[in-house]
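Visitor: Return atomic coordinates for the entry below.
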Amino acid sequence: MLSPKRIRVLVVDDSLVFREVLSRGMSSDPNIEVVATANDPFDARDKIIKYKPDVMTCDVEMPKMNGIEFIRRLIPQYPLPVIVVSSVDGIVFDAMKAGAVDFVAKPDVSSAKSVESFIYEMIEKVKIASAAKVLCPKAERASDKISVNSAACAGKIIAIGASTGGTEAIYNIIRQLPGNAPGIVIVQHIPPAFSAMFAARLNSTVNLNVKEARTGDFVEPGGVLIAPGDQHMKIVKAGNKYKVHCFEGDKVNGHCPSVDVLFESVAKAAGENAIGVILTGMGYDGAKGLLAMRRSGARTIGQDESSSVVYGMPKVAYNIGAVEKQASLNNIAQLIYKML
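Guide: You can find the predicted model right below:
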């Protein structure tokens, strides 16, 4: 029997020490082979042509050219899945916009525990990235004006779940929604330090009020609450409103926060007054919760394969009958409007 093909990885970082740490760490997994390392984007370009890697890890701050500009120039010519390695900084979302498929926070190299956790996360993300679809960024067009009747939104709630590729997918949807849209609750699988940054970035670029959720926050029209990166989030009914409860807990389906935890609470608290949307991501988190929502009378939407970076979570949800309507990412906002 032939052994499975190993994932070929190129590591790009200007630090020799970090290149060694990352290369040795990832090579400890039998399914991964670090075929080369590079110390800057120009060196990386030559190594890509020579070694034809399946996945590239890339630092953001590098000499000669920063990682974001490198990714922006690389993707149209070589649609290679890129995982960005960065300090805790909102700049990673610029990298995602440029075409990277995922990102990881740099560890404290003086802490063995931090490095070990980082290597484990990188190995998992490299495996996911190897199956990801690289979508070339397109010039952002002005979104079609969507207007909704405030009366039609009364008592309604929109719940969204996403993973790999989700930060850009979420932005693409909510930037098209008007300021009087129903309250929105979101679980995006994201490292803890980045969830508040993601919320702040969205808040500065869309018509809605976006913030990282805190227990006791009400789900208000025109507002978006994003689950903290290390806490589950669920909603509960409070009179004629909904409020969120955020809490620490074991991972569900490999994740905390979990989309299933949110969706199942929405099914229970909001029933037919909810719309559930499941977006790009690996695995099956959110599928059962979306099915519970549909069975409780909610309308449900799944992102289609062609527009998904990873067609995993939406596929599982579709296959078990949780998805009422499947749509391309660019059409989901309009579909939400029609359902309202």
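Visitor: Now do stretch 265-273: distance from first to last residue.
Guide: End-to-end distance of stretch 265-273 (C-alpha to C-alpha, to the nearest Å): 13 Å.
Visitor: Give me the buried positions along that stretch.
Guide: By 16 or more other C-beta atoms under 10 Å, the buried positions in stretch 265-273 come out as Ser265, Val266, Ala267, Ala269, Ala270, Asn273. The C-beta positions use only the backbone N, C-alpha and C, and glycine is treated the same way.
Visitor: same deal with stretch 185-198?
Guide: Neighbour counts over stretch 185-198 (16+ other C-beta under 10 Å) mark Val185, Ile186, Val187, Gln188, His189, Ile190, Pro191, Phe194, Ser195, Ala196, Met197, Phe198 as buried.
Visitor: Any idea how far apart the tips of that stretch sit?
Guide: Start-to-end span of stretch 185-198 (C-alpha to C-alpha) is 14 Å.
Visitor: Show me the helices in the stretch 201-340 of the chain, by range?
Guide: All helices of the stretch 201-340 of the chain, identified by DSSP state H, counting those that start in this stretch, fall at 259-269, 287-295, 313-319, 329-339.
Visitor: by contact count, what packs against the third one?
Guide: Think helix 313-319. Packing partners of helix 313-319 (3 or more C-beta pairs under 8 Å, 6 or more residues apart in numbering; DSSP states H and E): strand 274-278, helix 287-295, strand 299-303.
Visitor: Determine which two of the buried residues of stretch 185-198 are furthest apart.
Guide: Val185 and Pro191 (19.6 Å; C-beta to C-beta).
Visitor: Show me which helix or strand of the chain is least confident by mean pLDDT.
Guide: Across the helices and strands of the chain, mean pLDDT, DSSP states H and E gives its lowest value to helix 150-153, namely a mean of 69.
Visitor: Which one of the helices and strands packed on helix 313-319 lies nearest to Gly254?
Guide: Minimum separation from Gly254 across these (C-beta to C-beta) falls at helix 287-295, 13.0 Å.
Visitor: Local confidence estimate at Pro147?
Guide: Careful, residue 147 is Ser and not Pro. Looking at Ser147, its pLDDT reads 67.
Visitor: Would you mind listing the outside residues contacting the lengthiest helix in the chain?
Guide: For the chain, the helix with the greatest residue count under DSSP state H is helix 112-129. Under the criterion C-beta atoms under 8 Å, 6 or more residues apart in numbering, residues 7, 9, 21-22, 25-26, 28-29, 31-32, 55, 57, 81-83, 85, 101-102, 104-109, 164, 282, 310 lie in contact with helix 112-129.
Visitor: In helices only, show me those.
Guide: Among these, the residues falling in helices (DSSP H) are Val21, Leu22, Gly25, Met26.
Visitor: who wins for most neighbours among the residues you listed?
Guide: Using other C-beta atoms under 10 Å as the neighbour test, the ones in helices among the contacts of helix 112-129 are led by Leu22, with 27 neighbours.
Visitor: burial count for the closest residue to it other than its chain neighbours?
Guide: Nearest residue to Leu22, sequence neighbours excluded (C-beta to C-beta, 6 or more residues apart in numbering): Val11, at 5.2 Å. Neighbourhood size, Val11 [other C-beta under 10 Å]: 27.
Visitor: From Gly161, how far off is Val11?
Guide: 31 Å (C-beta to C-beta, to the nearest Å).
Visitor: cool, and Ser308?
Guide: Ser308 sits 13 Å away from Gly161, going by C-beta to C-beta.
Visitor: Identify the contacts common to these two.
Guide: Here Ser308 and Gly161 have Leu279 as joint contacts, going by C-beta under 8 Å, 6+ apart.
Visitor: Those two: which has the busier surroundings?
Guide: The residue with more neighbours, out of Ser308 and Gly161, is Gly161; 33 against 26, by other C-beta under 10 Å.
Visitor: now the strands: where do they sit in the stretch 151-300 of the chain?
Guide: 157-162, 183-188, 209-212, 223-226, 232-238, 241-247, 274-278, 299-303 (DSSP state E, counting those that start in this stretch).
Visitor: Strand partners (parallel or antiparallel) of the last one?
Guide: It stands for strand 299-303. When pairing is defined by DSSP bridges, strand 299-303 lines up against strand 274-278 (parallel), strand 325-327 (parallel).
Visitor: Check the second one too.
Guide: When sheet partners are counted by DSSP bridges, strand 183-188 sits next to strand 157-162 (parallel), strand 223-226 (parallel).
Visitor: which outside residues touch the first one?
Guide: In this case it means strand 157-162. 169-170, 173, 181-189, 219, 235, 242, 259, 262-263, 266, 270, 273-281, 285-286, 289-290, 293, 313, 336.
Visitor: Going through these, which ones are buried?
Guide: Here, 16+ other C-beta under 10 Å leaves 169-170, 173, 181-189, 219, 235, 242, 259, 262-263, 266, 270, 273-281, 285-286, 289-290, 293, 313, 336 buried among the contacts of strand 157-162.
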